[in-house]
Each structure stands twice: as C-alpha cells, then as structure tokens.
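Colleague: Sequence plus predicted model, see below.
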Amino acid sequence: MAEIKYEIQKNIGQISENKNGWTKEINLISWNERSPKYDLRDWAPEHEKMGKGITLSVEELKKLKEILNNMDL
C-alpha cells in the first residue's frame with residue numbers, strides 16, 4: 001500500500017473526545033500534496049494515527065451546512 005501524506009493546514013474544531021483520548025475533529029487537510037479539503041475523522045493523540053473519515057470540498061461543506069441548518073434538532 002502506498003504511503004499517504006497529509007498536512008493539517010488548519011484545525012477548525014474538535015467535536016468530541018473518547019475515553020482513550022481519540023478526538024473527532026474537522027480540519028482543513030492537504031492529502032498527498034493536493035489542494036486542501038475539509039476533513040471529518042477521528043484522530044489519535046498527537047495525530048499519529050487516524051480513523052476512517054470523510055473529505056468535503058467547499059461546495060459540499062456549504063451544502064452540508066445548509067442541510068444541518070434546516071434540521072429540526
């Protein structure tokens with residue numbers, strides 16, 4: 001498997017933290033030296049490991065925001 005390179009360019013915010021210290025975060029990340037995208041996933045302390053997550057373009061993030069704003073919570 002090829003090595004995945006990533007650079008967290010901006011930490012947007014932490015959503016939660018579990019008992020093992022892993023945090024669910026939204027960040028702006030450049031994957032494999034490509035244009036940065038918004039990324040939502042779990043991270044180990046110090047960001048040495050990551051869980052599965054999703055990446056979103058600006059347009060996708062705007063659409064998600066619109067959907068969330070229209071939800072009855």
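Modeller: Nice, I can see it.

Colleague: List the contacts of Asp42.
Modeller: With contacts defined as C-beta atoms under 8 Å, 6 or more residues apart in numbering, Asp42 is in contact with 18, 22-25, 50-53. (Each C-beta comes from the backbone N, C-alpha and C, glycine too.)

Colleague: taking the residues you listed one by one, which sit in strands?
Modeller: Judged by DSSP state E, the subset of the contacts of Asp42 located in strands is 23-25, 50-53.

Colleague: quick one on the thing from earlier: can I get the contacts of Asp42 in a markdown table with neighbour count and pLDDT?
Modeller: Shown next, in a markdown table, are these (neighbours: other C-beta atoms under 10 Å; pLDDT from 0 to 100):
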| residue | neighbour count | pLDDT |
| --- | --- | --- |
| Asn18 | 9 | 97 |
| Trp22 | 17 | 98 |
| Thr23 | 15 | 98 |
| Lys24 | 16 | 98 |
| Glu25 | 22 | 98 |
| Met50 | 16 | 96 |
| Gly51 | 10 | 96 |
| Lys52 | 6 | 96 |
| Gly53 | 15 | 97 |
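
Colleague: just those now: which is nearest Lys5?
Modeller: Nearest to Lys5 among the contacts of Asp42, counting by C-beta to C-beta, is Met50 at 12.5 Å.

Colleague: In a helix, Ile4, correct?
Modeller: No. Applying DSSP: H, G, I helix; E, B strand; the rest coil, one finds Ile4 to be coil, outside a helix.

Colleague: Going along the chain, name the helices of this structure.
Modeller: 58-69 (DSSP state H).
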